[in-house]
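**Q** below are the sequence and a predicted model for it; my questions follow.
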Amino acid sequence: MIVVGSGVAGLTTALVLAESGRRVRVWAREPAERTTSAVAGGLWWPYRIEPEPLVGAWALESLAVYEELSDRPDETGVRLVDGVHRGTRLDELGTWAGRVPGLRAVADGLAARLPVIDMPVHLAWLRERLAKAGGVVETREVTDLAGVPAPVVVNCTGLGARSLVPDPAVRPVRGQLVVVENPGVTTWFTSVGHSSDHSSAASTYFIPQPGGLLLGGTAEEDDWSLEPDPATAAAIVARCAAVRPEIAQARVLGHRVGLRPARHAVRLQRQPLPDGRVLVHNYGHGGAGITVAWGCAREAAGLAFPAA
């Protein structure tokens, strides 16, 4: 079988399938280090993803895996870090929130100790674990999903599904980050609309990672630009510095831009092909591909090989 796509959805899905005894190849246009997953902030939290009832279950399933992986942070890239979602209330969230260990109301929002994932390290770990399970990653350009030569094909192409399926419901939501030398910040912080109202393009968050403090962010719908905008970067730093003044003087290490693959709902679906083969779709994860990766991967595996 072949999984198309090497972002966090593709690699996690391939790993679940390989560790269940399937012979798996991953076909990807570019290495994992160049996918949207690689530039993600890495905080576990359902953000800009629907439908919430299903997302909650996928996210909680993934949370349990990340909590286990946090025992080996240097190897897996997963750590548990304290932080605050400012302006977010429990009654704004789905029932899943009541099952997040330690999530509690504080004066200005919600506090929790959540997984923070160093994505370059985690993607490399996924690829290595996949190789140990017998999986193979190959650089291949796919222009026709039905033409992929395997009895079962899993489509984890993210934004690429817009042209490949084709599915015009998949749209980019541009996110820009600034990486600065960490001035001593050890907790994450967000001030973002987490509800289904995504009207605001600007948000404020910072996430401590081993390679620096990640500052964000933006959510610019239907913007395809991968070039960092200097004015946007300056505004991001200013918003973060308003929360933690020491950020204002932090040395800038770099800029990141990623295009979230947004859709009105995640597409997790089994599609029989006319020749008797099977195509399984697993895409449209918006800003929460990392958050739901394991839950969606296990469901995709079940769709690919339903239990008798």
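**A** Nice, thanks for sending it over.
**Q** from here on, just use CA atoms for contacts and neighbour counts.
**A** Will do.
**Q** quick one: the helices in the stretch 151-300 of the chain?
**A** 161-164, 230-243, 289-304 (DSSP state H, counting those that start in this stretch).
**Q** nearest to D222, of the ones you listed?
**A** helix 161-164 (12.1 Å; C-alpha to C-alpha).
**Q** sorry, back to before: could you identify which of the helices of the stretch 151-300 of the chain is most buried?
**A** The highest mean neighbour count among the helices of the stretch 151-300 of the chain, using mean count of other C-alpha atoms under 10 Å, belongs to helix 289-304: a mean of 24.
**Q** could you say what helices and strands that helix packs with?
**A** Applying 3 or more C-alpha pairs under 8 Å, 6 or more residues apart in numbering; DSSP states H and E, we find helix 289-304 packed against helix 8-18, helix 52-69, strand 152-155, strand 267-272, strand 278-283.
**Q** rewinding a little: mind putting the helices of the stretch 151-300 of the chain into CSV with distance to V24?
**A** Formatted as CSV, the helices of the stretch 151-300 of the chain follow (distance: least, C-alpha to C-alpha, whole Å):
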stretch, distance to V24
helix 161-164, 20
helix 230-243, 41
helix 289-304, 12
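**Q** which of these sits closest to V16?
**A** The nearest among the helices of the stretch 151-300 of the chain, by C-alpha to C-alpha, is helix 289-304 at 6.5 Å.
**Q** could you give the angle of the closest one to strand 267-272?
**A** 20 degrees (axes from the mean of the first three to the mean of the last three C-alpha atoms, to 10 degrees).
**Q** give me the residues contacting helix 289-304.
**A** By C-alpha atoms under 8 Å, 6 or more residues apart in numbering, the residues outside helix 289-304 that reach it are 8-9, 12-14, 16-17, 37, 42-46, 55, 57-63, 65, 152, 154, 268-270, 278-282, 285.
**Q** need the pLDDT of the residue of the chain most remote from its centre.
**A** Distance from the C-alpha centroid of the chain, by C-alpha atoms, centre = their mean, peaks at D275 (33.1 Å). Looking at D275, its pLDDT reads 95.
**Q** and it, how far from V165?
**A** 17 Å (C-alpha to C-alpha, to the nearest Å).
**Q** what does G135 give?
**A** On the measure of C-alpha to C-alpha, G135 and V165 end up 25 Å apart.
**Q** with that, I have no additional questions.
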